[in-house]
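Asker: here is a sequence together with a model predicted from it:
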Amino acid sequence: MSLDYSAPFTFLFQDKTWARKLILVSLLTGTLVGATPVLGWTIETVRRVAHGEEPPLPELKDWKRFWSLGGKFALANALWLLPLLFAVLLLYGVPALLLGRLSDTAILWAFGLTLLCVLAFLFVYSLLYLFFLPPMMAALAQDASAWQTANPFFLSKIVRPRFTEYVILFLLVGIALFNVIFLLAALTFFLLLPPLLVYAGLVAAHFTGQTLRPTQEL
């Protein structure tokens, strides 16, 4: 059976204390440190949806588990950011190495070509990262390590049996929903960005949890 496309967008509001939870986790998301347990709380939502537990939205109680899951998620994301750091270093490093060896015009050409290559890489890599975000959540919901969560080959094993569902999830959440959210955030001078990000994360978590259910239950 296919995914339930309505539940991910509405399950938050079926929780009687959804407003209190959303306000608290939004405030935490607005801080550098507090965002980590919010990530863990989101991963716990994936696990609860996968196992059909009710309500799917976790209570804000098991902070030790939230910190553990969120810490592994943050570490996995940091590992994914390393190639981006290398790309930025390459962008400024290549022209710097050519200083004094080539003419100013040649250096500008080298910088321009490097910039185009880096921008193309960043575009492709960001799409790949967005595609693998739900599988990363799925991996952590199944108690994978941070290294496994950052490993594309390990994530591919999660994606392969449900490839179509993950493509749909990528298009709905990774592309459409996040673009809408950043548009709405910009219209509110980014004041609503934390709760909007939390909401998008929960939508992705519910969809991801569904992909972890046995096929006959979808």
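Answerer: Happy to help now that I have it.
Asker: CA only for contacts and neighbour counts going forward, please
Answerer: OK.
Asker: how far away is the most centrally placed residue in the chain from A35?
Answerer: Taking CA atoms, centre = their mean, the centroid of the chain lies closest to L133, which sits 4.3 Å from it. Separation of L133 from A35 (CA to CA, to the nearest Å): 16 Å.
Asker: please name every helix or strand in contact with the helix or strand containing the residue nearest to the centre of the chain.
Answerer: Assigned by DSSP states H and E, L133 belongs to helix 104-141. With contacts defined as 3 or more CA pairs under 8 Å, 6 or more residues apart in numbering; DSSP states H and E, the packing partners of helix 104-141 are helix 35-50, helix 63-98, helix 146-150, helix 152-159, helix 163-169, helix 193-211.
Asker: and among these, the most buried is which?
Answerer: Ranked by mean neighbour count under mean count of other CA atoms under 10 Å, those are led by helix 35-50, which reaches a mean of 26.
Asker: still on that earlier bit, relative to the whole chain's centre, how far out is the helix holding L133?
Answerer: 16 Å (CA atoms, centre = their mean, to the nearest Å).
Asker: pLDDT (mean, whole number) over it?
Answerer: Across helix 104-141, the average pLDDT comes to 88.
Asker: what residues sit buried inside it?
Answerer: Going by neighbour count (16 or more other CA atoms under 10 Å), the buried part of helix 104-141 is 107, 110-111, 114-115, 118, 122, 125, 129-141.
Asker: now do that helix and helix 35-50, the angle between them.
Answerer: Relative orientation of helix 104-141 versus helix 35-50 (axes from the mean of the first three to the mean of the last three CA atoms, to 10 degrees): 50 degrees.
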